[in-house]
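Colleague: sequence first, predicted coordinates after that:
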Amino acid sequence: MSHLKYMLLVSRQAKVRLMQWYTPLTPKEKTKIINDLMPMILGRKSKMCNILEYGNHRVVYRRYASLYFICGVTPEEDNELLTLEIIHRYVESMDTYFGNVCELDIIFNFSKAYDILNELIMCDGSIAESSKKEILNNIKAMDDIEGNNHLDRVLS
Amino acid sequence: MTSLYAPSAEDVKQRLRPFGFFFEKSLKDLIRGIRSHNETPESLEAFLEKQLSECREEANSSNLEQKTNAVLKLTYLEMYGYDMSWCNFHILEVMSSNKLQQKRVGYLAASQSFHKDMDVLMLATNLLKKDLKYGGSNDTFKVGIALSGLSTIVTPDLSKDIVDDLIMMLNSSKPYIRKKTITALFKVFLEYPEALQDNFDKFTSKLEDDDTSVLSATVSVICELSKQNPAPFIKLSPLLYEILFTTDNNWIIIRLLKLFTNLSKIEPKLKAKLLPNILELMDSTSATSVIYEAVNCIVTGEMLDESDYDVAIQCLDRLGKFRESQDPNLRYISCVLFYKIGKINTQFISQYDTLIIQLIGDVDISIRLKAVELLKGIVSDSNLKLIVSTLMKQFVDKEVAVVQTNRGVTKEIPIVIPEDYKHKISHTIIDLCSMDNYNNLDDFEWYNATLYDLSIISQDFKDTDIGIKLGDQLRNLMVRVPAVRQVTITNIIKICSLEDIDVKMSSILSCCIWSLGEYASYLENGDALINLFIQRGFKYDFETQSVLIVALVKLFSHWCNGGNVVVEDVKRMLLNITTFLDKLTHSKYFEVQEISSQMYEIMKLCLDAVEDNQEDIPMLLTDVVPSFFNHYELTPIAAGTQMQLPKGIDFDIDTPFLTSEELDEVIDEQETLADEDVDIYDSDRFSLSSTEDNHYADNGHYDDGSSGEENRDDFSDTYKEFTDTYKKEKLSNPFYLDESSSATQETTSRDIFTTDNDTEERILNPIDVVKLSKESTSVPSADSEKSKKKKKKKTKKPIVLADQIISIPGVPESDVISKSNASISPSVGSGKITLSKHTNLGDFQFNNPSNETNEDDEELHRLREKFQQQTLSDNAEEVVIIKKKQKKSKSKHSKKSKKKTKESADEEASVGLLDLDDKNETSTT
C-alpha cells in the first residue's frame, strides 16, 4: 500500500516534535506505536543498523543530533535504503531552509517543518519529491506570496 | 503609533496587529509555556488545559487572524494527544481564507484532523472545487495546497465530484500543478477506480512529460497503483522499459524497478526482456539502493527460477559485498535478501554457510535476528554442531562490541542480548536439529545434552511455548530414536528432578512424565521416581497431573515387576500412591478427578491383594496391571491420521465371539495346558481381569486360573464387553493406532473380532494375532532393543523412525496432509496492530462499466445551511501581519536567550542536526 506509514520526529527525551500519519489510526494506536518504539530505538547503539521490525511493519529511523526521525515502512514493498535517503533529504532541506537547522527551529516553526515535509512526501507517504531544489523553490515561493499578501494588506 | 485622538485599548491592539503584535498567546508563547511548565506532568497538564480553553475561545472569535492562530495552536497541541475534531468547522473557515498563509494553516489542520468527519468533508468539497480554480500566476500555490490537502482527506464521494476538474488540470502549464494533480489523482483513483478506467490514457500520457518531477510522480503513482492491481498497466511496459534504461535519476529507477516487480508477477513474459538488463544495471550502478532494488525486483518479481544458478550467484555476489560492509544497514538488508533468495531454493545459499555463521555473531542484534532466520537454509550435517554451539555460546557469553568513536578512540560497549532474541535462538536450535525428521543430526547424545542445556537456560523466559517445544522434542526422541532411549530417559529424569522446574517451566513436564511412564521398562529404581512425583505432584498444573497419574501407575507396575522387590516395599509404595491419588480425587479439575479416581480404584484393589497375600506379589500386580499398558509398542504416526479414520465405525457386538461349544473346547484345551496355576486364584473377584489377561498379556506370561467351568457364561459376556471398550479406547487414543498400520493385519484381527463361526484354528487366534502383530511391525520393540544397540555401533547414525502415514481407502492422502497442516499451523498475528488500510482499487474490476450516479444533493444543501448558521459573517480584512521577518529574527533571538538559560537538554536541541550527524552517511544515491 502506501510507501510510508508515518513520519515521526521525536527528541531524545522521547518528546514528539512532529508527527505525520499516512495511515488512519486511532489516537490510542498512535500512542501505542510511539510508546513502544521509543524505548526500542533509544536503546540502540550508534553502530547498530537503522532498521528494526515492529509489529507487522518495519521501522527505519535515523538520528540527527538530538532528534530521531522515525519512519514506518511496509516490509517487502519498501526500499529501506531509500527511506533513509528520504529522511536525509528532509533534514537537508530543512537545513538549507532554516540555515543550520536545529531541534529548536523545528519546535518553534513546526508548521514550516510540516510544509517542507508535505512538499517532500506527498500523497499519504507514497510519493517523494526527489529534488531538494524543487522543494525549496516551492517553499520559498509560497513564503514570498505570504509576504506579498502581508505587504498588500499593509499598503492598502 | 501616535494618534490624534486617544484610542481605546482595543483600537490600539487592532492597529498593531498588522505589524505582528499579538495580544493573544501566539504559538511561540504556547511552546515556551509548555517548556517552562515541564517540571511535573501535573503542572504541564494544567497549563495545557488552560491553553486549550483559551484556544476554544479564540477559535470562536470573529477575527480570522485569531481563529487561524488558535487553529495553529490546536494543531500543535494535537501532538500532545488533544483531540481537535471539535473545531473542524473552524478549520474549514480558516481553509476558506483568501490569504495563503491562513489557507496553509487551515489545510495543515485539516489533514491532521479531518479523517472521519463526513459532515465537514461534504462541505470541504465545495471549498476544494473553488480552490482548485486557477486564476492567475499567484494562484499556483493556492491550487497546490488545495491539491495536497485533497490527497489527505479524499473520500469516494469527494473523488467523484472532483475527478473531472483534476483531469483538466493535468494539462496545466505549470509543472508544479501537474505534479500535484497527479499525486492527488492517485488518492482519487484508489477511492474511485472508475475514474482511472475512464481517464487511463490521459493519465498515463504524463509518462511522456518533459518535467522530471512530473515524470517521477507519474511513475510513482503507477507503481503504487500497480501494487493494488497490476493488470491494466501491463500494456505500458514498453514505454516504462524505455524510461528505465534512459533515465539517470536513481529515484525513478527504483520506482520503475518496483513497478516491474509488480508487473512481472502477473506477466511472466517480461522476464526474458528485463532480466538481462536488470543484471546489467546491477553491475553498472554504484548506488546501493539501486542494487538492493534490482535484486529485490529479480527475486520478488519471480524472475529467479529454482534452477537458475547463474543469476542467483550473480545476485548473491553483489550481496556478498553488502554483507562485508561497514554499514550495518547494508548488512541487515543483505540478510533480508538472502532470506528471500534462499526461500526460492535453499541450494543457492547453502554454500554461504561460513558467511552466515559470521553474521550470527554480528554486533547488531537485529542483524543477528535476520541471520538466524537464514540458518535453516544452510544447515547440513557437517555444520550443525558448529552452528548450534555458536548459538549456544550467545546465551552465556558476555559480548563486547568494539566501537570506534569519532576521535579514533576505541570503546567497548557490552552487547545487551534481549530476551526475544534468546527465545528465538532456542527455537531455532530445536528447529534446526529436528529438521526433516532429524536428518542432519547423527549424535543424539549431544542433542540430548543440548536439550538439557536449553531447558536450563529457557527457564528464565517468560513465555511457555519453548517448554512445550522442549518437552515435545524429548518425547520425540524417546519414541523415534530407540537407540538412545537410555540416554534420553536419563536426561528426562534429570530435568524432572530439577528444583523449581514446576514453577519455572511447568510446560515441559507433561511430555517428560509421559515418556517416563511409557518407557518405564528402562528404569531400575522407579520407586525413587514415584516418590519424587508423589512429593511434587500436588504442585503441578492439572494437565501435568492428569498425565502424571497414569504415568505413576505405569512406573509402579514396571517397578514391582522388575525383580528383587520386597512385598513390604510394594505395600508401602501402594499406600503412598493410593494416598496421593485419593487426594487428587478432590482436585477441582474434572479430568484429574476422573483419572485419579479410576486409578485409585485399581491401586486400591492391588493394595487389598497385597494385604491378602503377604508372601508374594499378587498376580494382579504381576500380570493384570502391566497388561493395561504393555500391549503395543508405540510408533510415531503422522499428524492428522486420526482425522482420517472413518466416522461411526460399527461393531458387531451382538454376535458372541465364541459359541458356547467352541468356548468349552478352548477351555478344555487350555486347562490341560496350564494346570499347575489353576488353584492359586479362584476367587470370583479376579475372574474378569484374569480372563482379559489371558488374551492380552503381551509378555507371554498367561495363565488360565479362574476360567473354571462355572464362569463360562461370564467369560463370553465380559470378553465381548472388553473387546468393545478396548477397541473404542484404542480409536480415541492417537498413540494406539498402529494396529491398523498394515492393512492385512488389520483385516485379520477384525475378522477375528467379528466372526463367530470359523474354524477351530481361528478360535485360538486372539493370542496368536497379538503376538504376530508384535513381530510383524517394523518397529523395534523393547525386547529387540539390545540387538538395535549392537547395530548402532556399526552404523553411524541411529535409526530415526519416520511418521507412519496410514492410508485408509476412500480418503485421499493429500487431503490428510493438508488437514494435518491445517490443524498444526497456529493462528498468527492476532492482537497486533494492523496498519493496513482498505482501498477500493484492489478488488476493482476494470472491465465493468461504471454505474453509480448517486447524489446526495439534499444532504449537502442541508449541511450548507447548518454551516451558514454557525459561521459568523466575518471578513475582517484589515488585520495584516508581517510575520515572516519577525519570525526569523525572533527565532534567532529566542535561540540565543534560550541557550543561556536552559539546561543541557535544550542546548542539545539547539545543535545543528546535520552537525552531529555522526558520520552515518549512506552512500545511497
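Modeller: Structure's in. What do you need?

Colleague: got the phi/psi numbers for A:Tyr61?
Modeller: Torsion angles at A:Tyr61 (phi, psi; degrees, to the nearest 10) stand at phi -130, psi 160.

Colleague: beta partners for it?
Modeller: In this structure, A:Tyr61 has the following beta-bridge partners (DSSP bridges): A:Ile70.

Colleague: against A:Met40, how distant is it?
Modeller: When CB to CB, to the nearest Å is applied, the distance between A:Tyr61 and A:Met40 equals 9 Å. C-betas here are computed from N, CA, C, even on glycine.

Colleague: could you do B:Ala59 as well?
Modeller: Distance of B:Ala59 to A:Met40, given as CB to CB: 37 Å.

Colleague: neighbour-wise, which of the two wins?
Modeller: Per other CB atoms under 10 Å in any protein chain shown, whichever of B:Ala59 and A:Met40 has more neighbours is B:Ala59, with 23 against 15.

Colleague: that one contacts B:Leu74, doesn't it?
Modeller: Yes - the pair B:Ala59 / B:Leu74 is scored as a contact, 7.2 Å apart, by CB atoms under 8 Å.

Colleague: which neighbours do those two share?
Modeller: When contacts are counted by CB atoms under 8 Å, 6 or more residues apart in numbering or on different chains, B:Ala59 and B:Leu74 have B:Cys87 as shared neighbours.

Colleague: which stretches of chain A form strands?
Modeller: Along chain A, the stretches classed as strands by DSSP state E are A:4-11, A:16-21, A:51-54, A:57-64, A:67-73, A:121-122, A:127-128.

Colleague: tell me, how many residues neighbour B:Leu132?
Modeller: For B:Leu132, using other CB under 10 Å, the count is 21.

Colleague: nope, B:Asn531 is what I meant
Modeller: Counted with other CB under 10 Å, the neighbours of B:Asn531 add up to 14.

Colleague: any residue of the stretch of helix or strand B:Asp29 belongs to touching chain A?
Modeller: When secondary structure is defined by DSSP states H and E, B:Asp29 falls within helix B:27-36. Yes - if you take CB under 8 Å from any CB of the partner chain as the test, helix B:27-36 does meet chain A, through B:Leu27, B:Lys28, B:Ile31.

Colleague: show me what that helix is packed up against.
Modeller: In terms of contacts (3 or more CB pairs under 8 Å, 6 or more residues apart in numbering or on different chains; DSSP states H and E), helix B:27-36 is packed against helix A:103-108, helix B:41-60, helix B:64-78, helix B:883-901.

Colleague: pLDDT weak spots in the chain?
Modeller: Unless you meant another one, I'm taking chain A. Counting by pLDDT under 70, chain A has low-confidence residues at A:1-3, A:123-128, A:148-156.

Colleague: wrong one, chain B
Modeller: Residue ranges of chain B with pLDDT under 70: B:1-25, B:115-118, B:134-138, B:397-416, B:673-798, B:804-925.

Colleague: and the strands in it?
Modeller: Remark: strands assigned in chain B by DSSP E are B:400-404, B:410-414.

Colleague: highest neighbour count among the residues of helix B:27-36 next to chain A?
Modeller: B:Leu27 (20 neighbours).

Colleague: residues contacting that residue?
Modeller: A:Phe108, A:Phe110, A:Ser111, B:Asn69, B:Leu72, B:Lys73, B:Tyr76.

Colleague: the first one: how many residues sit nearby?
Modeller: By that I understand A:Phe108. Neighbours of A:Phe108 under the rule other CB under 10 Å: 20.

Colleague: wait, doesn't it sit right on B:Ile31?
Modeller: Yes - the criterion here is CB under 8 Å, and A:Phe108 meets it with B:Ile31 at 6.0 Å.

Colleague: what do A:Tyr61 and A:Met40 both touch?
Modeller: Joint contacts of A:Tyr61 and A:Met40 (CB under 8 Å, 6+ apart) are A:Leu52.

Colleague: how about the contacts made by B:Glu615?
Modeller: Contact analysis of B:Glu615 by CB under 8 Å, 6+ apart lists B:Val567.

Colleague: quick check: phi and psi on it?
Modeller: Per-residue torsions, B:Glu615: phi -90, psi -40 (degrees, to the nearest 10).

Colleague: repeat for the one 3 residues further on
Modeller: Here the main-chain torsion angles of B:Pro618 (degrees, to the nearest 10) amount to phi -70, psi 160.

Colleague: now it: closest residue in space that isn't a chain neighbour?
Modeller: For B:Pro618, the nearest residue in space outside its immediate sequence neighbours is B:Ala609; the separation is 3.8 Å by CB to CB, 6 or more residues apart in numbering or on different chains.

Colleague: run a quick neighbour tally on that neighbour.
Modeller: 20.

Colleague: beta partners of the residue positioned nearest the centre of chain A?
Modeller: Nearest residue to the geometric centre of chain A (CA atoms, centre = their mean): A:Met7, 4.8 Å. Taking DSSP bridges as the rule, A:Met7 bridges to A:Gln20, A:Cys71.

Colleague: ok, it to A:Gln20 distance?
Modeller: Here A:Met7 is placed at a distance of 5 Å from A:Gln20 (CB to CB).

Colleague: please apply the same query to A:Asn56.
Modeller: When distance is defined by CB to CB, A:Asn56 is 20 Å away from A:Gln20.

Colleague: run a quick neighbour tally on the closest residue to B:Gly517 other than its chain neighbours.
Modeller: Once its chain neighbours are removed from consideration, B:Gly517 has its nearest residue in B:Ala551; the separation is 2.9 Å (CB to CB, 6+ apart). Burial measure for B:Ala551: 24 neighbouring residues, criterion other CB under 10 Å.

Colleague: do a quick rundown of the helices in chain A.
Modeller: Here chain A has its helices, by DSSP state H, at A:27-42, A:80-98, A:103-108, A:110-120, A:132-155.
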